[in-house]
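J.: Build me a model from this:
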Amino acid sequence: MTGGLAYVVVGIITGLSSGFLGIGGGLIVVPALVYLFGLTQHQAQGTSLAMMIPPITLLAAIRYFHSGNVKLGMAVLLACGFAVGGLLGAHLAQNIPGLVLRRIFGAVMLVISVKMIFMK
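T.: Next comes the predicted model:
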């Protein structure tokens, strides 16, 4: 599987994981873009962020909203913070070497994974 079809398949897997577990961009797409498609860590993170532009995320959020599983006021405030933090984080990431950035990304995923598995 090459090119466009492979990207669509990774997108479908990401969409499924996002809709089912609330994860996707960082956890699925970034490693896939780095290890399957040869992007740099910076390119993978930027591409992942571009992929999650609101119309894509909005569809899954609407489904959760209709089921009564969205705290709208909280989501709006989180989105405001996310917009500011995302811009600052993207600016900071540009000044970090790719290998260091990839290791930071992996370490954060590891810490979160361990906490999710072993914390009550």
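
J.: buried ones in stretch 9-16?
T.: For stretch 9-16, burial by neighbour count (16 or more other C-beta atoms under 10 Å) applies to V10, G11, T14, G15. To be clear about C-beta, it is placed using only N, CA and C from the backbone, and glycine gets the same treatment.

J.: which residue packs closest to the first one, ignoring adjacent ones?
T.: Among residues not flanking V10 along the chain, A32 sits closest, at 4.9 Å (C-beta to C-beta, 6 or more residues apart in numbering).

J.: wait, isn't that neighbour in contact with G11?
T.: No. Using C-beta atoms under 8 Å, A32 is not in contact with G11; the gap is 9.7 Å.

J.: Show me the shaky parts of the chain.
T.: Counting by pLDDT under 70, the ranges of the chain that qualify are 1-2, 24-25, 54-56.

J.: residue boundaries of the helices in it?
T.: 3-21, 30-35, 41-51, 54-66, 72-93, 98-118 (DSSP state H).

J.: Report the contact partners of M74.
T.: For M74, the contact set (C-beta atoms under 8 Å, 6 or more residues apart in numbering) is empty.
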